[in-house]
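In: Need coordinates for the below:
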Amino acid sequence: MTARIDGKPRPHVGSPQKLESASNTGRSPVENSVAERARQGGVVDAFQGARLSERSLASLGNPVALAKQAEARPVLTPAEEAEARRAIEEATGSENPESIAEWLRAHPDPAEQAAFMDMLFEYGPTVGNILENTDDLSPEDQKMFSEALDAAYRRGAVTLEELQAAVGSYGNGTWSGESHSMLAKIVAGTGNPDLINAYVERELEIMKADGMEDPARAVAIATALASLPPDELQKFLERNPDVIPLVLQNLEDPSASLGAGAYEAVGKLLDAANAIQPPTPQSIQVFMDSIQHLGENEDSRAAAARFFTRNADAILSAVSDASGAISSRSAGKLAEFFTRTLFTEPTFEGQEALQRFVGQKLGEMQKALEAEADTNPPTQEAQRLARRMGSLVGAIEGGFMLAVEELDKRNEATEGLVGLLFKVKDLLPDVKIPVLGSLRDLTLDQIQDWVTESLKEHPDDPKDAIPFHVLFGEAVSNPTLATIYETARGTARDNRELGLDD
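Out: Below is the predicted model of the structure:
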C-alpha cells in the first residue's frame, strides 16, 4: 500500500475520513470565498446560485445533511471497492490516470463513479497531478473524467473544499511552462459553475500570494473562466474587476514560457466575453484589456475580430466621451487592434469579414452625415457622429502607421490597407480618386499601385501617404461636420501609441 504524498498515514480507502479542508492547508482565507458564503447562507459560490449539495452542507456541519449522509448506503460492493482501491493505488503511485480511466469506462453508472471519486479525492494534490496528466487520454476519456467529477459533486461525494485541496500549491505542477491547463480543462468540462468558481478561486489565491511568482497558472484560470455560462461570467467580472488584467499580464510573463497557449487562452476569454449579450461594460473591458495581448496569433486575433464585429456600436459608445470623440487612450488601443487584425500577419479566418464590416460601418456613418449636408448648424447628434466617425478613421489610420513605423511591417500594412480599400469601395459613396477616377471602377491592382505610390512619395511620413481618409473626409459635404470629422480624425491618429504601454 503506497504512502500518502503528504507523508500522513493513509486512511482506509472509501472511509468517511477526509483530508483537511483546503482552508486549513496553510492558505490565507479568501474574502467572501465560496465556502465562507456557503457557511453564511447555505448557498453556493460567488454567483449566489444553486444550493450546496448534501455532502458539501454536511462538511459544513449542517445537521440535516449529516443525518442524510449517515443514512446513505454503500454504492459499491466489497469486491468493487477493492477493485477501485487497486486502480487508485496504481494511479496515485505513478500519477498516471490510465487505471482510473479504465475503471470509469467499466463503471458508467454516475453513482458508482461518484463513490470512486469520493475515494480518489482523499489524495489531495496528488489528484490534481493525476488529472493534469490526462492530456494523453482521448477527448472522450477527458469528458468522462469531467462528467464523473460533476456527478460526484452533485451527489455530495466531492466537496468544493476537496476540489480546492487538489490544486497543487506554489510550484506544484507549474514548472517548465506547465500551467495546470489540463486540470482546468477537466474542471471546465463539468460545466458546473460551483466547481469552476471554486477552482478559479484557489488558483487565484495561489497566484496572488505574497512573494510568490506563479504566472503559469494564468492559462488555467483563463481556461476555466472561459467555460462559465455567460450570465455567470458576467457576475464573476462584476465581483472581480482586477482578475482579467492580472491574468492577461501574467499570460505574457516571460518566466512562464507559455507560448501559444497564452494566446489561445486570450482567444477563449474573448469568445466567452463575446457571449455576454447584450454587451456590458465588463465584457467590453475584457476586449479593451486584451488588445495589447493579441500578439501574432491567429486564434486571439480572430476572437478579437469576432468581438468587435458583434459589439462595435457598444464598444464605440463605451470609449467615447459626451462629445462623441473616442478618448485618447482608447483611440490608441483601437489603433493597436487594427494593427493586429488589419495590417500585420498572420491572416486569420474572418479577416475579410472584418474588413467588410469596417467598411460597412463607416459607410453607414457617412450616409447618416450626408442627411444633414445642407443643415446649418448641424444637429448635436450629427456633430457627435462626425467626431465618432473621425475618431474611428483616425484609429484605423493609426493602426496602419503603427504597423509601418513601430513594427516595420510596411509590406504587410500596405497589403492590409489595399484589401480594406477594395472591400469598402462598393459600400461607400462614389468617391473620385485624383488621376485614377472613380474608386468603384478601380481593380485590386490599381488600388495596390495607388497605395504603393503614395507611400513612395512620403517614405518618411506615412500619415501623408495614407489615402484612406480621402474616401471619407472629402465625402462629408457639410463644412461644419467635415471640420469636426477632420479634427477628431487627426487627434485619434496622433494618439495611436497611447494604448501600447497600458
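In: got the phi/psi numbers for residue 437?
Out: Main-chain dihedrals, residue 437, degrees, to the nearest 10: phi 100, psi -150.
In: Low-confidence stretches in the protein?
Out: 1-73, 170-179, 210-213, 254-258, 428-431, 434, 458-459, 461-467, 470, 498-502 (pLDDT under 70).
In: residue at max distance from the center of it?
Out: Most distant residue from the mean C-alpha position of the chain: residue 435, 47.1 Å away (Cα atoms, centre = their mean).
In: just checking, it is part of a strand?
Out: No. Assigned with DSSP: H, G, I helix; E, B strand; the rest coil, residue 435 falls outside any strand and is coil.
In: Let me know the distance separating it from residue 450.
Out: 9 Å (Cβ to Cβ, to the nearest Å). C-beta here means a position set from N, CA and C on the backbone, and glycine is covered the same way.
In: For the most centrally placed residue in the chain, what is the enclosing helix or strand?
Out: Most central in the chain under Cα atoms, centre = their mean is residue 269, positioned 1.1 Å from the mean C-alpha point. Residue 269 is part of helix 260-274, with elements assigned from DSSP states H and E.
In: Dump that helix to CSV, keeping only the CA atoms.
Out: As requested, the backbone C-alpha atoms of helix 260-274 are provided in CSV (Å, rounded to 0.1, in the frame of the first residue of the first chain):
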residue,chain,number,x,y,z
ALA,A,260,0.9,29.7,-28.0
GLY,A,261,-1.1,28.5,-25.0
ALA,A,262,-1.2,32.1,-23.7
TYR,A,263,-2.7,33.4,-26.9
GLU,A,264,-5.2,30.6,-27.1
ALA,A,265,-6.3,31.5,-23.6
VAL,A,266,-6.8,35.1,-24.7
GLY,A,267,-9.0,33.9,-27.5
LYS,A,268,-11.1,31.7,-25.2
LEU,A,269,-11.6,34.6,-22.8
LEU,A,270,-12.6,36.9,-25.6
ASP,A,271,-15.1,34.4,-27.0
ALA,A,272,-16.6,33.9,-23.6
ALA,A,273,-16.9,37.6,-23.1
ASN,A,274,-18.5,37.9,-26.5
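In: and the gap between the residue nearest to the centre of the chain and residue 330?
Out: 19 Å.
In: And for residue 400?
Out: Relative to residue 330, and taking Cβ to Cβ, residue 400 is found at 18 Å.
In: Tell me which of the two has more neighbours.
Out: Between residue 400 and residue 330, counted using other Cβ atoms under 10 Å, residue 400 has the larger neighbour count: 30 against 24.
In: Confirm for me that the more buried one is in contact with residue 417.
Out: Yes. Contact criterion Cβ atoms under 8 Å: residue 400 and residue 417 qualify, at 5.7 Å.
In: At which residues are the strands of the stretch 301-450 of the chain located?
Out: 432-433, 437-438 (DSSP state E, counting those that start in this stretch).
In: In contact with residue 485, which residues are there?
Out: Taking Cβ atoms under 8 Å, 6 or more residues apart in numbering, we find residue 485 in contact with 369, 386, 387, 389, 390, 393, 472, 473, 476.
In: any idea how far the fourth one is from residue 311?
Out: According to Cβ to Cβ, residue 389 stands 18 Å off from residue 311.
In: just the first one next, same as before
Out: Using Cβ to Cβ, one gets 23 Å for the distance from residue 369 to residue 311.
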